[in-house]
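Peer 1: next input, structure requested:
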Amino acid sequence: MTEDLNMTNNLEQIHDASMTILERCGMKFADHRVLELMAANGFKVSDETVYFQREKLMSLIKKAPESFTLHARNPQHNMILGGNRTYYAPGYGAPALIDFDGSRRQAQFDDYITFLKLVQASDCFHINGGILVQPSDLNPETAFASMLHAAILHSDKCLISGGGRADENRMVMEMMAILCGGEDTFRSKPHILALINTTSPLMMDAPSIETLITFIEHGQPIMITPATMAGTTGPVTLAGTIALANAEVLAGIALTQMIRPGAPVMFGFQADTADMRSGSIGRGSPEGALCFTMGAKLAKWYGLPCRGGGSVSCAKSISVQAGYEGMLTLLATSQAKMNLIIHSAGMMDADAAVSFEKFMVDLEIIGIIDQFLKGVPIDAETLALDVIEQVGPAGEFLTQMHTMTHCRNASFVPTIALRGNKANENPNDALKEKILRKMENMLQNYKMPELSSSVKNQLNDYLKDHGVKAYTDVAPDQVSPAI
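Peer 2: Purely as a prediction, here's the structure:
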């Protein structure tokens, strides 16, 4: 009880500090439409900076729903975002790939396709798409459309999108309307989730605002996510950085409710620390884990769905560092019951790169964490007193029927970790072989989900009309699995 009271007091202090920041410093919005809307809602606007009165701000925050359902093409993958439910999402946004030996290369479209297949084939995820990697061989003017088209073809899970220019966002909306069978059906409920970031300290740039307005006007949810770094874009002390990031996300959420009261929105929180020796972000740090945890607690305190965390790391190769940093941040976020944990698999080098091998390792980490968080089930069957009595002193349990009955589900069975006597094997080679074998099996078992020929043809025609090369027009050697 004392611990709960202390946490409530801590949250109240952070909240009060955030309100003071928004009252005294305000937040800059690089869009005249937003400034006019803010002024119309009674907030003081000076140049491009909006100053928020806390009572008016919180009355807007309360209009946002506590949870919402994101709908997938296959309803079995629908996600109810909010409360204490936790879903995992893969990595996002990296322009480079790191191989097992630490070598680095630019991401290609075929890498993106391979990740789409792995995410679709994995039971860990209910969401796919977005910027799994940033392909260097796509036209940057139309990359969003090409990637969304590939995601639609290769997955029937929920979809995520990035933030972009007005024309990019419009194409996403129009392609989703084709997929959903019309504009009205698309707008009727959430079908695609977008991620935008604030620009710390205390600013939202034009592309983020453009994406926010487009998605909210079309009834689609937005994740508003500060990635404030303690010591560079935020105060060096965590409490100050958390208060600053909290102020930014609350101001963004208030904007969504001015545009469309009751609009689905997620409280994103990806604040972390900077390495003060270099100024670079310190992904995988204990400070980051604390920030993610506090972000989840703040979101739940406000009654908002939340996003943050992941298996993040500054490691440059599959290494001890990649393991302990990723495990720390993913475990902390899962324990905090963050609703959507993006960057759950594959991320390396402070989000600047992604790795197929780390993706596979992170799937195992997710399984370990899920097993750990289940706790110890205690009942007559699991206490097994009759079995203990039957075996008695100096006996053995290996051959008991109770062991036979429960041996396949009583404990986590790793698919990558090395166990048992491996005296004649090189452990690094054995580990790499298991990782690659698992990935190859997943890709071999992957099946492209069904999609009507009518929708396929409409999407192809749409892309052709907009000068975008459809996935089906790409030469086969350009989309072969990269393993």
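
Peer 1: the closest residue to Pro414 other than its chain neighbours: neighbour count?
Peer 2: Distance criterion CB to CB, 6 or more residues apart in numbering; nearest residue to Pro414, sequence neighbours excluded, is Glu364 at 5.9 Å. (Glycine included, C-beta is placed from N, CA and C.) Burial measure for Glu364: 19 neighbouring residues, criterion other CB atoms under 10 Å.

Peer 1: quick check: Glu364 touching Leu418?
Peer 2: No: at 11.7 Å, Glu364 does not count as touching Leu418 under the criterion of CB atoms under 8 Å.

Peer 1: go through stretch 114-131 and flag the buried ones.
Peer 2: Residues of stretch 114-131 classed as buried: 114-122, 124-131 (neighbour count, 16 or more other CB atoms under 10 Å).

Peer 1: just to revisit the earlier point, any idea of the pLDDT on the residue nearest to Pro414?
Peer 2: On pLDDT, Glu364 comes in at 97.

Peer 1: got a list of what it touches?
Peer 2: Under the criterion of CB atoms under 8 Å, 6 or more residues apart in numbering, the neighbours of Glu364 are 414-417.

Peer 1: can you pick out the most distant pair from those residues?
Peer 2: Thr415 and Ala417 (7.9 Å; CB to CB).

Peer 1: picking up where we left off before, for ChimeraX, write the selection for the buried entries among the contacts of Glu364.
Peer 2: The ChimeraX selection below is limited to those of the contacts of Glu364 classed as buried (16+ other CB under 10 Å):
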select :416
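
Peer 1: other SSEs contacting the helix or strand where Ala177 lies?
Peer 2: Per DSSP states H and E: Ala177 is located in helix 166-180. Identification of packing neighbours for helix 166-180 by 3 or more CB pairs under 8 Å, 6 or more residues apart in numbering; DSSP states H and E yields helix 143-154, helix 183-187, helix 206-217, helix 453-465.

Peer 1: for Met223, list each beta-bridge partner.
Peer 2: Note on Met223: beta-bridge partners by DSSP bridges are Leu195, Met266.

Peer 1: what distance do you get for it to Ala299?
Peer 2: Note on Met223: its distance to Ala299, by CB to CB, to the nearest Å, is 11 Å.

Peer 1: re the thing from before, redo the helices and strands packed on helix 166-180 as JSON lines? Include distance to Asn445, mean neighbour count and mean pLDDT.
Peer 2: What follows is those, written out as JSON lines (distance: least, CB to CB, whole Å; neighbours: other CB atoms under 10 Å; pLDDT from 0 to 100):
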{"stretch": "helix 143-154", "distance to Asn445": "14", "mean neighbour count": "23", "mean pLDDT": "96"}
{"stretch": "helix 183-187", "distance to Asn445": "32", "mean neighbour count": "15", "mean pLDDT": "97"}
{"stretch": "helix 206-217", "distance to Asn445": "34", "mean neighbour count": "21", "mean pLDDT": "97"}
{"stretch": "helix 453-465", "distance to Asn445": "23", "mean neighbour count": "15", "mean pLDDT": "96"}
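
Peer 1: could you dump those to CSV with distance to Val236?
Peer 2: Compiled in CSV, the helices and strands packed on helix 166-180 are given as follows (distance: least, CB to CB, whole Å):
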stretch, distance to Val236
helix 143-154, 36
helix 183-187, 44
helix 206-217, 25
helix 453-465, 48
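
Peer 1: any idea which of these gets closest to Ala336?
Peer 2: Among the helices and strands packed on helix 166-180, the nearest to Ala336 by CB to CB is helix 206-217 (25.1 Å).

Peer 1: could you pull up the residues touching the residue nearest in space to the middle of the chain?
Peer 2: For the chain, Ile342 is the residue whose C-alpha lies nearest the centre (CA atoms, centre = their mean; 1.6 Å). By CB under 8 Å, 6+ apart, the contact list for Ile342 reads 89-92, 195, 307-310.

Peer 1: which of the helices and strands packed on helix 166-180 sits closest to Phe267?
Peer 2: Using CB to CB, the helices and strands packed on helix 166-180 put helix 206-217 closest to Phe267, at 14.0 Å.

Peer 1: show me what the closest one is packed up against.
Peer 2: Applying 3+ CB pairs under 8 Å, 6+ apart, one finds that helix 206-217 makes contact with helix 32-40, helix 166-180, strand 192-197, strand 222-225, helix 238-259.
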